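**Student:** Any chance you could fold what I've pasted below:
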Amino acid sequence: MHGAQRGEPSRDAPGQPPTPPAGGEADADLLPAGTPIDLDNCAREPIHIPGSIQPRGVLVVVGEPDFDIRQISANVDDMLGRSAEEVLGRHLSALMGPEQAALVEKAASIVGDLHRRNPVECVLDVAGVARDFDAILHRGPGVLLVELEIAYGERPYSFPNTYQAVRGWVEELNHAATMTDLYDTAARAVRNLTGFDRVMVYRYDDEYNGEVVAEAKCDDLNSFLGLHYPATDIPAQARALYEKSWLRLISDVGYTPAPLVPAQDPASGTPLDLTHATLRSVSPIHIEYLQNMGVHASMSISLLRHGRLWGLIACHHYAGPHLPPFGTRAAAEFLGSTLSLRLVDQFEEDQLHKRLGAQAVLTKLTAAMMDDAKPMVSTLLGAPDLFDLVPADGVVVDIGGHRRTLGSVPPADVVAAVVAWARGADDEVARTDSLPHALPEAGIDPQLAAGALVLNLPDGQFAAWFRREVLRSVDWGGDPENKAIAVSEGDEVRLSPRKSFERWREVVRERGEPWTPTEVESADALRRHLVESLYHRTRGALRVAEMVQRSLIPASIPQLQNWQLTAHYEPAAGDRVGGDWYDAFTLRDGRLITVVGDVAGHGVTVAGTMAQLRNALRAHLFTGASPAEAVQQLNDFCLHMLDAAFATVLVARIDLDSGVVEATSAGHLMPYMTNSAPTAPAAPIPLSPPIGVSSATYTQGTFVIEPGHGLVLYSDGLVERRGQVIDEGLDRLADTLGGDADLSAYAIWMTMASGFTDDDVTVVALRRR
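**Tutor:** Model (predicted):
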C-alpha cells in the first residue's frame, strides 16, 4: 500500500494463510514460492513464506514433541558461533545447551497461548561469552518456531513492567473525548515509548483507502498529516496478515536476508509459514519503498475493530537502524490494543449518539403517522421532517396519491429516472453518492443532484432524498493512478511504484456527501414504519370501500309473475374491493331494468366511483330514458364529473308482458340467451365504447325472450382465468348455459367460478317461465 510507504508498507504485509481470511484471496491466487517479484506481480507475492528472515536474530524450527531442529536460519554462525550443519537434526539443546533448551520446552508444554509467555529469557554461550537472549515462541503446524534475539532493555521482562511503561498514556487515552484526541494521543505515546523519528496513525475506510489522521515527528521533518493513499496499496494478503500479526518491525532496511536451511520443511516439503514470526523477511518491493523515502527502520502496529483492520500505527526512523527492545515493542503492542478498544468504544459511542438522535426524530414521525386523517406526505414534511432524520438538499415524497417536495430537488424527469433506477436496484433502500456514475445515460447535472437515497415503497410509492455535488480536495501521497514513475539516476535503477512521494491533489467531482451507515439505518427503519402504516391505512380504507360496495348491492330484487330473477355477487379473495355492481328494479310502467357494471381498479376510489355511476344511471333510467340514452348521459356525466374514471356497463330494459328486451352494452361482455340450443348464443346487442371515452356514441339492440328462455348477465370475473385467454372462459360459459339449462345466478357461479377468486364476480340470471 502506498499508505504503507508513509507507514507500514503493503508489500511487506503478510500473505495468505492456508485458510483464506475474510476479505482476502484464495492461496491459489498467490504466486509460487521463489517467483521473482516485480511491479506487475507484487500484489500476488506470497509474503508469508519468504524463505528468509531479518538477521537481527536466529530462527530455529523445532519438531514437536521431540524438539529436533528441522530448519535454522543461515546466520546462526554469525550470531551464535555454530554452523547450521552442526545443529540440524539434533535436539534443541545442541544449539542452546541443556538448561536453556529445558526452559523453552517447559514454556512450550504449558497449555494456552504461547504469545502470553514470550519472551523466554535465556543466557546463551557465544564464543565463550554468556549473552542474554530473548526466545520468542510461536507454534505452527506440527512445529515450534523459536526466534532468538539478543536481549536489550530492562530484565526481567514482565507484564507489570510493560503496563507501567504505558500506564500514563493509557489513562490519557481513557480521558480522550473525541476520535481526534485518541489518534493524537496514540501517536505521541508510541513515539515517546519507542523513539522513532516519525509516528503516524492511519485510518482506513470501508474500501481500505487510507488517510494519515495523526502524526508525531521530529521538528525538521515535513508533515504527512492529511495525506491519502488508495486501497490498491494494501492488497488482500497484506490485510490478512495485519489482522493476524499485530506488530511488525524492520530494524534495518539495509539488511541482507538470512535464508532458512534447508529452504523447505523436510517433513512436509513445503515452504515454512512465517505469518507470526517477528523476524520474517520483507518484500523487496517494500524495501525499495522505504529506501526511496530515506527510511532506515520502520515498525507498524495493527489497529483492529471486530477483528478487521481499522488502521495502523506506523513508525519511521531516518537516522539509521533502530531496534526497540522486546519489552518496548510489547508495551507498544499493548498500547495499540488499548487504542483499538478505545477507538471501537468511541466510534460506537459516537454512532450511538447519532442513532439516539435519529430514533427521537423517528419516534415523532411514527407517532404523527398514526393520524389517519392527515395525508402521510404532510406528516413526513411537517415538523420534524425528513431532513431531521436524513440531512439532504431536497426530498420528494410520493405516497397515497399525493406528491410533495421540500428543499432543492431535480426536475421531474430526473426524479423519475432515479426512482426507476432505485426500483431496479432490487433493494428496499437504494442509494448512491454519484448519480452521474450510477445513471450515466441520464445526463444528470451533479449541481442539481449528485447523490440520492430512495425508499422503495409498495405500489410504486417512494420517498427520495437528494444531495448536490460537493467538491472535495483529496491530498494523495503521490498520484494514486501512477504506479510506475521513472527516475533519472541511471539505467541501474529500475521502475518502482511512485518513487515520487510529493503531495498530489485531486479534486473529486460529481459526488455528493456520502450517506452514512446511521443515515441508511434510519431510512430503513422509517421505511418499515411507513410500510406498516400504509398497510393499516389500506386496511381501514378497504373496510370503508367494502361498506360502500355492500350498500350498493340491492337489499332485495323484484319478485315477478311468470319470470324468475336471481342475482349473486362474490368478492375477490383477500378482501380486495373490486368495481363490480349490479342493479334490478321495476319502472312505474312495469318494465324491468337489469344492470351489470364494472369500474376498473380496486379500493376506496373505485367504490366511490361505482356509487356515483350506479346512482346517476338509476336516475336517468327511472325518468324514462332508454338504455342507449341513459348510457349516453352517464358517459357525459363521467367525463365532466369523474376525471379519469373508466367502466363498462350493460343495461337491459325488459317488457315483462311481451318479453321484448332493449339493451345497450358500453364495452361490457355480451350476455347469453338461454334456450334449447346445446350452446347458448350471445344476445344480439351492438357493442358500444366503455364509459369514460370522449365523443363516444351509444346504440342499443332489441330482441325477445320467448317463454321458457332466459338471459344471463355477468362480469368478467366469471370467465377470466390467470394464464388463459378469455375466449376459453366464454366458450365454457356458453356450454354451461346450453341445453335449456335452468340455473340460478348462484348455481352459475358455483359451476363456473367457485374456487377462482382472483377478481370479484357478478351474475344476474333472468328466465321467462
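**Student:** can I get the CA coordinates of stretch 614-633 in CSV?
**Tutor:** What follows is stretch 614-633, C-alpha atoms only, in CSV (Å, rounded to 0.1, in the frame of the first residue of the first chain):
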residue,chain,number,x,y,z
ARG,A,614,-74.8,3.5,-10.2
ASN,A,615,-76.9,6.3,-8.8
ALA,A,616,-76.6,8.5,-11.9
LEU,A,617,-77.6,5.6,-14.2
ARG,A,618,-80.6,4.8,-11.9
ALA,A,619,-81.8,8.4,-12.1
HIS,A,620,-81.6,8.5,-15.9
LEU,A,621,-83.4,5.2,-16.4
PHE,A,622,-86.1,6.0,-13.8
THR,A,623,-87.0,9.2,-15.6
GLY,A,624,-87.8,7.2,-18.8
ALA,A,625,-84.5,7.3,-20.7
SER,A,626,-83.9,4.3,-23.0
PRO,A,627,-80.8,2.2,-22.3
ALA,A,628,-78.8,3.9,-25.0
GLU,A,629,-79.9,7.4,-23.8
ALA,A,630,-79.2,6.6,-20.2
VAL,A,631,-75.7,5.3,-21.0
GLN,A,632,-75.0,8.3,-23.2
GLN,A,633,-75.9,10.6,-20.4
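**Student:** what comes up buried for it?
**Tutor:** For stretch 614-633, the neighbour count (16 or more other CB atoms under 10 Å) marks 614, 616-617, 620-621, 625-633 as buried. In short, each C-beta sits where N, CA and C put it, glycine included.
**Student:** likewise stretch 375-391?
**Tutor:** Within stretch 375-391, the residues scored as buried using 16+ other CB under 10 Å are 375-377, 379-381, 384-390.
**Student:** which one of these sits closest to Gly153?
**Tutor:** Taking CB to CB as the measure, Gly153 lies nearest Val390 of those, at 53.4 Å.
**Student:** what about Ile301, neighbour count?
**Tutor:** Ile301 has 30 neighbouring residues, counting by other CB atoms under 10 Å.
**Student:** Can you give the strand pairings for the longest strand along the chain, parallel or anti for each?
**Tutor:** Counting residues, the longest strand found in the chain (DSSP state E) is strand 129-140. Looking at strand 129-140 with DSSP bridges, its partner strands are strand 120-126 (antiparallel), strand 143-150 (antiparallel).
**Student:** Might you list the low-confidence residue ranges for the stretch 51-200 of the chain?
**Tutor:** For the stretch 51-200 of the chain, the stretches with pLDDT under 70 are 111, 155-163.
**Student:** now the strands for it?
**Tutor:** 52-53, 57-63, 68-73, 120-126, 129-140, 143-150, 198-204 (DSSP state E, counting those that start in this stretch).
**Student:** Could you list the low-confidence segments of the stretch 201-350 of the chain?
**Tutor:** 235.
**Student:** one step back: can you check which of the strands paired with strand 129-140 gets nearest to Ser223?
**Tutor:** Across the strands paired with strand 129-140, closest to Ser223 is strand 143-150 (CB to CB), at 33.3 Å.
**Student:** Now do that closest one against strand 57-63: the angle between them, please.
**Tutor:** Comparing the axes of strand 143-150 and strand 57-63 via axes from the mean of the first three to the mean of the last three CA atoms, to 10 degrees yields an angle of 160 degrees.
**Student:** what separates strand 143-150 from the chain centre, distance-wise?
**Tutor:** From the chain centre to the centre of strand 143-150 is a distance of 45 Å (CA atoms, centre = their mean, to the nearest Å).
**Student:** now what about that strand, what contacts it?
**Tutor:** With contacts defined as CB atoms under 8 Å, 6 or more residues apart in numbering, strand 143-150 is touched by 56-64, 67, 70, 79-80, 92, 96, 104, 108, 119, 122, 124, 131-139, 265, 272, 274, 276-279, 326.
**Student:** rewinding a little: please produce JSON lines containing the strands paired with strand 129-140, extended by mean neighbour count.
**Tutor:** JSON lines is the format used below for these (neighbours: other CB atoms under 10 Å):
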{"stretch": "strand 120-126", "mean neighbour count": "17"}
{"stretch": "strand 143-150", "mean neighbour count": "22"}
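**Student:** Turn those strands into a markdown table, columns for distance to Ile557.
**Tutor:** A markdown table is the format used below for the strands paired with strand 129-140 (distance: least, CB to CB, whole Å):
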| stretch | distance to Ile557 |
| --- | --- |
| strand 120-126 | 102 |
| strand 143-150 | 95 |
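**Student:** of all the ones you listed, which lies closest to Gly451?
**Tutor:** With CB to CB as the measure, strand 143-150 is the member of the strands paired with strand 129-140 nearest Gly451 (50.4 Å).
**Student:** so what's Leu650 up against?
**Tutor:** By CB under 8 Å, 6+ apart, Leu650 lies in contact with 595-597, 663-666, 668-671, 685, 713.
**Student:** before we move on, what SS does it have?
**Tutor:** Here Leu650 is recorded as strand under DSSP: H, G, I helix; E, B strand; the rest coil.
**Student:** distance of it from Gln561?
**Tutor:** 25 Å (CB to CB, to the nearest Å).
**Student:** can you tell me which residue is nearest the centre of the chain?
**Tutor:** Asp427 (7.8 Å; CA atoms, centre = their mean).
**Student:** max-length helix in the protein?
**Tutor:** Criterion DSSP state H: the longest helix present in the chain is helix 326-369.
**Student:** how far out from the middle of the chain is stretch 643-662?
**Tutor:** Between the centre of stretch 643-662 and the centre of its chain there are 57 Å (CA atoms, centre = their mean).
**Student:** Check stretch 94-107 too.
**Tutor:** The chain centroid and the centroid of stretch 94-107 are separated by 54 Å under CA atoms, centre = their mean.
**Student:** Buried among the contacts of strand 143-150? Make that a ChimeraX selection.
**Tutor:** Burial among the contacts of strand 143-150 is assessed by 16+ other CB under 10 Å; the matching ChimeraX selection reads:
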select :56,57,58,59,60,61,62,63,67,70,79,80,92,96,104,108,119,122,124,133,134,135,136,137,138,265,272,274,276,277,278,279,326
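**Student:** Can you report how many residues lie near Ala734?
**Tutor:** Ala734: 17 neighbours (other CB under 10 Å).
**Student:** Who are the contact partners of it?
**Tutor:** Contacts of Ala734 by CB under 8 Å, 6+ apart are Tyr672, Thr679, Ala680, Pro681, Ala682.
**Student:** do Asp598 as well
**Tutor:** Counted by CB under 8 Å, 6+ apart, Asp598 has contacts Gly578, Gly579, Asp580, Trp581, Ala647, Thr648, Val649, His668, Ser715, Asp716, Thr762.
**Student:** Give me the buried entries from the residues you listed.
**Tutor:** Among the contacts of Asp598, those scoring as buried are Gly578, Gly579, Asp580, Trp581, Ala647, Thr648, Val649, His668, Ser715, Asp716, Thr762 (criterion: 16+ other CB under 10 Å).
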